[in-house]
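*Asks:* Okay, here's the prediction I keep looking at, along with the sequence it came from:
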Amino acid sequence: MSDIRIDKVVTSGTFSLDGGTWEVDNNVWIVGDDDECVVIDAAHDATAIHQAVGGRTLTHILCTHGHDDHIDAVGDLIELNPKAQVLIHDGDRMLWDREISEPPDGELVDGQVIEVGGAQLKVLHTPGHSPGACCFLLEAQGVLFSGDTLFNGGPGATGRSFSDFGTIIESIREKLLTLPPETVVHTGHGDDTSVGAEAPHLQEWIDRGH
């Protein structure tokens with residue numbers, strides 16, 4: 001069995017919601033071994049993601065949530081990898097359906113385990129940034145892919161439609177900050193962090209209410 005690989009591709013594009021559009025850089029994570037892998041968030045540039053997949057079999061495209069900057073390359077990536085299954089939590093279908101006419105192949109469910117290349121990715125439903133937001137935990141490796149739920153410096157944004165600050169705080173408190181402090185957090189945008197680096201600041205986030 002090959003060692004588990006975590007590859008990162010940074011892609012650039014736009015995020016649009018509530019009538020506004022912003023330039024963004026997204027972290028796309030590819031998890032697996034030398035034979036097969038999954039992509040976490042097909043953002044902006046299917047060609048760059050496909051090149052990082054290389055000759056491996058892409059088994060799944062896992063969506064941390066349905067904002068357009070995290071799913072806008074799904075269609076093109078599926079054309080390049082037609083056997084890959086696209087999974088998103090049902091809570092974000094209203095966001096998915098705004099962008100993509102075809103339904104996803106399946107639904108992410110809290111506690112579900114997705115196996116690829118010897119790795120086991122556990123789905124953690126962490127609503128707040130969006131109703132169907134999910135994180136993916138590589139428990140044995142001590143790695144969390146947090147999407148836009150937890151960043152280096154605090155929780156994801158909750159000032160737009162379908163988001164809620166109290167809900168994201170509860171998700172982070174109950175699902176993420178209970179993980180071992182040494183857990184590495186690979187985020188949807190920006191730099192990595194760790195559970196231990198973020199946990200002491202929970203009350204500050206609550207007091208700021210942002």
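*Replies:* That came in fine, so what should we check first?

*Asks:* Quick one: mean pLDDT over stretch 186-198.
*Replies:* Throughout stretch 186-198, pLDDT has a mean value of 98.

*Asks:* Can you name the residues in contact with that stretch?
*Replies:* 6, 8, 24-27, 29, 41, 64, 70, 143-148, 150-154, 156, 176-177, 179-185 (C-beta atoms under 8 Å, 6 or more residues apart in numbering). Where you see a C-beta, it was placed from the backbone N, CA and C, and this is true even at glycine.

*Asks:* Quick one, which of those residues are buried?
*Replies:* Among the contacts of stretch 186-198, those buried by neighbour count (16 or more other C-beta atoms under 10 Å) are 6, 24, 26-27, 29, 41, 64, 70, 143-148, 150-151, 154, 156, 176-177, 179, 183-185.

*Asks:* Just the contacts of stretch 186-198: which are in strands?
*Replies:* Judged by DSSP state E, the contacts of stretch 186-198 include 6, 8, 24-27, 29, 143-147, 150-151, 154, 184-185 as members of strands.

*Asks:* In stretch 162-180, which residues are buried?
*Replies:* So, applying 16+ other C-beta under 10 Å, buried residues of stretch 162-180: 162, 163, 165, 167, 168, 169, 171, 172, 175, 176, 177, 179.

*Asks:* can you check stretch 45-58 too?
*Replies:* Buried, per 16+ other C-beta under 10 Å, within stretch 45-58: 45, 46, 48, 49, 50, 52, 53, 56, 58.

*Asks:* just stretch 10-28 next, same as before
*Replies:* Buried residues in stretch 10-28, counted by 16+ other C-beta under 10 Å: 11, 13, 15, 16, 17, 24, 26, 27, 28.

*Asks:* Any idea how far apart the tips of that stretch sit?
*Replies:* One end of stretch 10-28 sits 6 Å from the other (C-alpha to C-alpha, to the nearest Å).
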